[in-house]
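Peer 1: mind folding the following:
(one chain, ligands or ions: 1)
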Amino acid sequence: MSAVAQVQGLTKRYGTVTAVDDVSFRIEEGKVYGLLGRNGAGKTTIMSMLTGQDVPSEGSIEVFGADPFERRSVLEKLCFIRESQRYPDDFRPSHVLTTSAYFFPGWDAELAARLVEDFRLPVDRRIKKLSRGQLSAVGVIVGLASRAPLTFFDEPYLGLDAVARQLFYDRLLADIAEHPRTVVLSTHLIDEVGDLLEHILMVDDGRLVLDADADTLRGSATSVAGPRSAVDAFVGDREVLHREGLGSLAAATVGRLSAADREAAVGAGLDLSPVSLQQLVVRLTGSASKELAR
Ligand SMILES: Nc1ncnc2c1ncn2[C@@H]1O[C@H](COP(=O)(O)OP(=O)(O)OP(=O)(O)O)[C@@H](O)[C@H]1O
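Peer 2: Now for the predicted structure:
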């Protein structure tokens with residue numbers, strides 16, 4: 001697979017704060033990436049550097065084969081929807097949509113118009129007067145209609161209600177199926193977007209702590225539940241990512257199980273269930289047990 005972006009030893013310091021600390025990864029063409037991490041982990045800073053809006057203190061960045069900083073041939077292929085995008089005073093959504101056509105060579109005005117209807121966006125109201133959700137909708141519409149080969153959404157859902165968030169996920173999936181491109185989504189709502197993500201990059205305190213294919217990750221752990229004694233006997237000396245119990249019942253999250261393991265577990269009267277991406281990410285990064293993701 002060809003990489004649309006690649007960073008090596010990427011580091012960003014703001015005075016004494018190291019926002020991004022020696023991070024290396026590749027972004028492959030045509031996939032949806034989840035850039036996950038807690039508040040202040042460094043997600044926005046990474047995206048700012050990848051889109052040429054900030055420069056690294058150390059390390060290298062290649063986007064579409066070149067350093068993105070002040071390079072038009074790269075920048076016109078990128079779209080970065082920031083969590084709190086600023087617009088000129090007196091701007092209205094209609095102005096944002098009109099000017100977007102000049103910035104994005106692949107801009108689809110028809111798609112933008114359909115999305116305006118879908119999100120019920122009042123295009124002639126001043127941006128300053130929009131609700132938080134309506135403001136997010138402006139970003140989501142620009143991000144989708146830009147059809148940029150590499151699109152970054154930095155927590156695009158703030159203020160969007162559940163219906164609007166689902167609309168965003170549905171439209172994103174449908175549009176990238178028709179017009180394949182690479183998307184990086186930074187989010188806290190891992191479970192909500194879990195099915196959408198094909199690859200997970202997780203940062204914690206500026207460092208990359210997980211870089212894994214989402215399907216591999218999903219299959220990398222199983223929850224085993226049942227009578228405590230049966231769970232304990234089955235788990236034996238396997239690595240346990242998480243354990244919980246109530247009275248005589250227990251559940252343990254263990255690593256990948258073979259077909260024989262599964263048969264044995266079911267034979268012992270245990271219930272096997274998949275572990276959600278959110279639980280896995282929290283547990284893998286919490287326990288720093290990254291072997292499972294390999
Ligand atoms: N211009 C700046 N000057 C000083 N510190 C900064 C600056 N920009 C970011 N930081 C710090 O760098 C760290 C990473 O910030 P960043 O915004 O990248 O995190 P994030 O993962 O996007 O967080 P959130 O999920 O809360 O948006 C934080 O500790 C933040 O306070």
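
Peer 1: need the contact list for the spatially most central residue of the chain.
Peer 2: In the chain, the centroid-proximal residue (Cα atoms, centre = their mean) is Gly34; its distance is 2.0 Å. Counting by Cβ atoms under 8 Å, 6 or more residues apart in numbering, Gly34 makes contact with 185-187, 190, 193, 196-197, 199-201, 214. C-betas here are computed from N, CA, C, even on glycine.

Peer 1: same check on Gln278?
Peer 2: 190-191, 194.

Peer 1: okay, it: pLDDT?
Peer 2: Predicted confidence (pLDDT) for Gln278: 82.

Peer 1: before we move on, what about the one 4 residues further on?
Peer 2: If you check Val282, the pLDDT there is 77.

Peer 1: do the helix or strand hosting it and the ligand meet?
Peer 2: In the assignment (DSSP states H and E), Val282 maps to helix 277-287. No. Judged by Cβ under 6 Å from any ligand atom, helix 277-287 stays clear of the ligand, getting no closer than 13.5 Å.

Peer 1: which parts of that helix are buried?
Peer 2: 277-285 (16 or more other Cβ atoms under 10 Å).

Peer 1: show me which of the residues you listed is closest to the ligand.
Peer 2: Thr285 (13.5 Å; Cβ to the nearest ligand atom).

Peer 1: mind checking how far the nearest residue to the closest one once chain neighbours are set aside is from Met202?
Peer 2: Excluding its sequence neighbours, the residue lying closest to Thr285 (Cβ to Cβ, 6 or more residues apart in numbering) is Val209, at 5.0 Å. Shown here: Val209 relative to Met202, a distance of 5 Å by Cβ to Cβ, to the nearest Å.

Peer 1: and Phe153, by the same measure?
Peer 2: Applying Cβ to Cβ to Phe153 and Met202 gives a distance of 17 Å.

Peer 1: repeat for Phe25
Peer 2: For Phe25, the distance to Met202 - Cβ to Cβ - is 11 Å.

Peer 1: looking at the two, which has the bigger crowd around it?
Peer 2: Ranked by neighbour count (other Cβ atoms under 10 Å), Phe25 and Met202 place Met202 first, with 24 against 18.

Peer 1: may I ask you to name the longest helix in the chain?
Peer 2: Secondary structure of the chain per DSSP state H: the longest helix is helix 162-178.

Peer 1: just to revisit the earlier point, any residues in contact with both of Val209 and Met202?
Peer 2: Thr285.

Peer 1: I'd like the distance between the spatially closest residue to Arg13 that is not a sequence neighbour and the ligand.
Peer 2: Spatial nearest neighbour of Arg13, excluding adjacent residues (Cβ to Cβ, 6+ apart): Ser57 at 4.6 Å. Using Cβ to the nearest ligand atom, to the nearest Å, Ser57 is found at 12 Å from the ligand.

Peer 1: would you check that Ser57 makes contact with Gly9?
Peer 2: No. Counting by Cβ atoms under 8 Å, Ser57 stays clear of Gly9, with 10.4 Å between them.

Peer 1: and stretch 178-190, which residues are buried?
Peer 2: In stretch 178-190, counting by 16+ other Cβ under 10 Å, buried: 181-187, 190.

Peer 1: again with stretch 77-88
Peer 2: Buried, per 16+ other Cβ under 10 Å, within stretch 77-88: 77-82, 85, 87.

Peer 1: so where do the strands sit in the stretch 101-250 of the chain?
Peer 2: All strands of the stretch 101-250 of the chain, identified by DSSP state E, counting those that start in this stretch, fall at 150-154, 182-187, 199-204, 207-213, 221-227, 240-246, 249-255.

Peer 1: residues that sit against both of Phe25 and Met202, list them.
Peer 2: 208, 211.
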